[in-house]
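> Okay, here's the prediction I keep looking at, along with the sequence it came from:
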Amino acid sequence: MGSGSHLKRLAMPRSWPIARKISTWVTRSKPGSHTLELSMPLNLIVRDVLKYASSTREVRHILHKNLVKIDGRLAKNHRRCVGLMDVLSLGEQDYRCVLDRNGKLRYRPIPPSESEWKVCRVEGKTTIKGNLTQLNLHDGRNIVVSDPNEFKTGDSVKIDLTKEKHNVIMEHISFEDGAPAYLIGGIHVGSISHIKEYLEKRSSMPNEVLFDGFGTITRNVFVISDGTPLPGIEVNA
């Protein structure tokens, strides 16, 4: 499989949009905010996807010149991962990480106004000291909220990336019938459809979400708002 910093290309996630057989090894993401399947290390993005560099040495040079930011914060490690919904800034150009219709991670250009926010899915809730509730988001961040009943697992929140702590919620998006959902898995991956019905299973089977003409399991559903632009994403219905 490789060392802590490398991974065999034949074993890399299928979501990585790079050639699989041109060499033996590939850079492994540093453990962090996203899963390996839904993120890529900066080295591969800058060098192999966006073609800003031709070698890892050149990527490190770009990073050391403070030209790279992730969600508005400087990135220094070439193994730092950039995952789903993250905003990557290279100089004056901003990109958002999305999945295409083939399930491949894409880093698509966005205007400066769209680089000021990101949407995060609520993966769970935790009660912490002081009887406070903490939201656990899909990108690894945690946000403390005052009302534990306002948010539920599966909801999404729009985060303001211009604030220093990045914990300011601009919008709460509920997981409910009629809500637009960005599909991040299954045969309809990379498209947006509206939720018709949520089926909660009384068994070990995963809960299911029904759309117009198809259904999928809940982990493939990422609710967004009608006013949330995602670059290059198709709307089914």
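Great, that's in hand. Values in this document were obtained by computation on a predicted structure and should not be read as measured data.
> so what's the residue nearest to Pro111 when sequence neighbours are not counted bridging to?
Sequence neighbours aside, Asp94 is the residue nearest to Pro111 in space, at 7.5 Å (criterion: C-beta to C-beta, 6 or more residues apart in numbering). C-betas here are computed from N, CA, C, even on glycine. Note on Asp94: beta-bridge partners Ser89, Ile110, judged by DSSP bridges.
> can you tell me how far Asp94 sits from Pro109?
To Pro109, Asp94 is 7 Å away according to C-beta to C-beta, to the nearest Å.
> Looking at these two, which is more packed in?
Asp94 (21 against 12; other C-beta atoms under 10 Å).
> Quick check: pLDDT value at that one.
For Asp94, the pLDDT comes out at 97.
> How about the contacts made by it?
By C-beta atoms under 8 Å, 6 or more residues apart in numbering, the residues touching Asp94 are 87-88, 109-112, 114-115.
> try 7 Å
87, 110, 112, 115 (C-beta atoms under 7 Å, 6 or more residues apart in numbering).
> which of those count as buried?
With burial judged by 16 or more other C-beta atoms under 10 Å, the buried subset of the contacts of Asp94 is 87, 110, 115.
> would you turn those into TSV with pLDDT and distance to Thr153?
Listed next are these as TSV, based on pLDDT from 0 to 100; distance: C-beta to C-beta, whole Å:
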residue	pLDDT	distance to Thr153
Val87	97	24
Ile110	96	28
Ser115	95	28
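> of those residues, closest to Val235?
Ile110 (17.5 Å; C-beta to C-beta).
> The closest one and Pro231, how far apart?
Ile110 is 6 Å from Pro231, by C-beta to C-beta.
> okay, and the common contacts of these two?
By C-beta under 7 Å, 6+ apart, the residues touching both Ile110 and Pro231 are Arg96.
> picking up where we left off before, which one of the contacts of Asp94 is nearest Leu183?
Ile110 (19.9 Å).
> longest helix anywhere in the chain?
helix 56-64 (DSSP state H).
> which helices and strands sit right next to that helix?
helix 42-44 (3 or more C-beta pairs under 7 Å, 6 or more residues apart in numbering; DSSP states H and E).
> Just the pLDDT for the residue nearest to the spatial centre of the chain.
For the chain, the residue nearest the mean C-alpha position is Leu84 (1.6 Å; C-alpha atoms, centre = their mean). For Leu84, the pLDDT comes out at 96.
> Please name the residues that touch it.
Counting by C-beta under 7 Å, 6+ apart, Leu84 has contacts 34, 38, 97, 99, 184.
> With Val235 instead?
Ile192 are the contacts of Val235 under C-beta under 7 Å, 6+ apart.
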